[in-house]
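J.: Provided below for reference: sequence and predicted model.
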Amino acid sequence: MKIPPTIADIRTKSRDLVAREPEIELLAEVEQSPKAEFVAVYGRRRIGKTFLIRECFKNRPFYFEFVGAEKSNTAQQIKNFVRELTRTFAIQSQPKIENWSDAFFWLTDLIESLSENERQKNSNSTKKVIFFDELPWLASRKSGFLEALSYFWNSFAQKRTDLVLVACGSAASWMIKHILENKGGLHNRVTRRIQLLPFNLKETQQYLLARGIRLGTEQIAEVYMATGGVAFYLDQMRSGESAAQFINDNFFVLGGVLRDEFDSLFRSLFEHHHTHVDIVRSLARHPFGLSSEEIAKKIKISSGGGLSGVLSELERSGFLQFSPKLGNKKRQGVYRLIDEYSLFYLTWVEPIGRTGSDPNYWQRQVGQSRYHTWLGQAFENLCFKHSEQIKLALGISGIFTHISGFRNKNVQIDMIIDRNDKAMNLCEMKYTAHQPFEMTAAEARKIQTRKTELLASLKRKKQIFVTLVTSLPAQRNQHYLGVIDIEVELKALFS
């Protein structure tokens with residue numbers, strides 16, 4: 001029995017692969033699987049899906065890749081497919097192909113001819129990788145692509161031991177509905193799934209280091225709070241450049257790569273993206289989150305099934321996070337915008353207009369009150385996304401927990417770690433740039449009020465630990481010592 005290639009083996013082939021250990025491990029298992037594998041890969045635009053598959057499989061004896069073309073009709077997609085097959089198999093002529101059914105029958109014949117050649121040469125059968133990228137563009141309405149793909153898998157591919165079929169798409173909601181939750185011929189056919197998420201802080205640090213960019217934790221955090229851990233966005237950073245320089249050049253200078261990304265991002269992910277954008281805009285103006293009923297009122301839409309579907313798509317695609325109401329078993333709570341790029345774009349870039357340009361705009365914002373307000377909101381989102389790292393720093397990673405929020409007419413608490421050891425952490429997130437956070441008497445009273453209100457709301461009393469998450473170690477003055485039980489520093493989020 002073959003030993004599956006390790007992560008180190010695959011990294012030897014491609015030193016450009018950084019992080020992604022679970023995904024690489026899964027693909028290594030796929031390569032050594034004794035049966036046919038159908039792998040679904042999905043994640044937002046620019047996240048690195050195509051790069052991951054190419055780097056892991058490009059050195060296979062047979063690797064076929066076909067990328068759907070945006071806004072191309074079915075006839076042109078099929079023409080492109082035939083051209084790629086002709087090139088890959090190095091053949092001079094091809095049969096008449098009029099639809100996707102014909103195209104897949106021809107692909108079947110070509111694969112069988114490969115296997116026959118292997119048998120004649122008495123060579124071992126090796127995994128043949130067939131990679132369809134940007135699947136939603138291929139499987140447009142009435143194209144017949146999904147029906148042909150379904151027949152290809154069910155009648156031919158799944159019966160073999162030497163095939164790996166990879167289906168990839170940026171439109172996460174489309175991939176989930178039409179591939180992972182398909183009600184027709186592809187129902188329960190996917191054998192492995194990969195949802196490729198943005199890098200976390202530690203992975204972002206590793207990715208930048210691999211490109212020769214050495215930054216401290218504060219600088220990386222500020223880049224992250226403007227862009228998130230999206231590989232393509234991070235690729236725009238240059239060695240020797242500060243976070244402020246990077247943000248200014250890519251967002252506020254005409255021609256900046258990230259200046260016009262917003263519209264393209266949502267168009268690529270959602271077929272009818274206008275409602276999605278309206279929700280994101282509304283949540284950008286309400287950093288503490290909104291319930292589905294509040295969202296419906298803000299964007300003037302019915303709160304029925306249509307809205308819940310759009311919210312689900314945004315949540316599954318990583319733009320929103322649902323924060324349940326503490327102790328509520330029903331799905332009651334608020335949605336928060338946690339996509340760093342969208343929040344930054346709507347807060348800073350859109351207001352200056354498409355033609356506004358100032359080569360020193362961001363440097364002039366640094367230190368202003370509006371800048372600190374944005375930092376505070378973005379840091380809270382950063383903490384939500386790195387709740388597992390916070391739990392690790394608190395020494396409770398092995399305890400079952402719920403992350404929730406709490407609000408009544410008097411107070412609002414954004415992040416509570418509710419533990420099953422009869423305790424909970426009331427988290428206060430404070431980001432200060434360049435200087436330690438200093439607790440004031442007024443802030444200490446607010447925190448004590450939040451704790452009192454939270455205790456009064458609990459049916460079963462728990463020990464509440466007030467937990468401060470900071471960018472820099474806080475000053476331990478009398479006000480701090482009077483309310484804070486434990487502190488977690490930014491560097492712990494890089495664990």
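T.: Now that the structure is in, tell me what you want to look at.

J.: in the stretch 301-450 of the chain, what spans have low per-residue confidence?
T.: 305, 328-331 (pLDDT under 70).

J.: Do a quick rundown of the helices in it.
T.: Secondary structure of the stretch 301-450 of the chain by DSSP state H, counting those that start in this stretch: the helices cover 305-316, 340-344, 361-365, 369-385, 387-394, 441-457.

J.: To residue 296, which of the ones you listed lies closest?
T.: For residue 296, the closest of these is helix 305-316, at 5.7 Å, according to C-beta to C-beta. C-betas here are computed from N, CA, C, even on glycine.

J.: Same list, the helices of the stretch 301-450 of the chain, but as TSV with mean neighbour count and distance to residue 39 please.
T.: TSV is the format used below for those (neighbours: other C-beta atoms under 10 Å; distance: least, C-beta to C-beta, whole Å):
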stretch	mean neighbour count	distance to residue 39
helix 305-316	17	18
helix 340-344	23	27
helix 361-365	16	41
helix 369-385	18	26
helix 387-394	18	26
helix 441-457	15	45
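
J.: CSV for those, including distance to residue 48?
T.: Listed next are these as CSV, based on distance: least, C-beta to C-beta, whole Å:
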stretch, distance to residue 48
helix 305-316, 18
helix 340-344, 15
helix 361-365, 26
helix 369-385, 18
helix 387-394, 21
helix 441-457, 40
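
J.: Which one of these lies nearest to residue 489?
T.: Taking C-beta to C-beta, helix 387-394 is the member of those nearest to residue 489, at 8.1 Å.

J.: ok and the closest one relative to helix 369-385, angle-wise?
T.: If you take axes from the mean of the first three to the mean of the last three C-alpha atoms, to 10 degrees, helix 387-394 sits at 80 degrees to helix 369-385.

J.: The helices of the stretch 301-450 of the chain: which one's closest to residue 249?
T.: Counting by C-beta to C-beta, residue 249 lies closest to helix 361-365 out of the helices of the stretch 301-450 of the chain; the figure is 8.8 Å.

J.: Packing partners of that closest one?
T.: Applying 3 or more C-beta pairs under 8 Å, 6 or more residues apart in numbering; DSSP states H and E, one finds that helix 361-365 makes contact with helix 243-251.

J.: hang on, the earlier thing: minimum distance to residue 163: which of the helices of the stretch 301-450 of the chain has it?
T.: The closest of the helices of the stretch 301-450 of the chain to residue 163 is helix 305-316. By C-beta to C-beta, the value is 28.3 Å.

J.: who's in contact with that closest one?
T.: Contact with helix 305-316 is made by 172-173, 176, 270, 275-276, 279-280, 292, 295-296, 301, 320-322, 335, as judged by C-beta atoms under 8 Å, 6 or more residues apart in numbering.

J.: Now it - C-alpha only, CSV.
T.: In CSV, the C-alpha atoms belonging to helix 305-316 read as follows (Å, rounded to 0.1, in the frame of the first residue of the first chain):
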residue,chain,number,x,y,z
GLY,A,305,-37.9,33.6,2.7
GLY,A,306,-36.2,35.8,0.1
LEU,A,307,-34.3,37.8,2.7
SER,A,308,-33.3,34.7,4.7
GLY,A,309,-31.9,33.1,1.6
VAL,A,310,-29.8,36.2,0.8
LEU,A,311,-28.6,36.3,4.4
SER,A,312,-27.7,32.7,4.3
GLU,A,313,-25.7,33.2,1.1
LEU,A,314,-23.8,36.1,2.6
GLU,A,315,-23.1,34.1,5.8
ARG,A,316,-21.9,31.0,3.9
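
J.: Pull out the buried positions in the host helix or strand of residue 464.
T.: For residue 464, the element it lies in under DSSP states H and E is strand 463-470. In terms of neighbour count (16 or more other C-beta atoms under 10 Å), strand 463-470 has its buried residues at 464, 465, 466, 467, 468, 469, 470.
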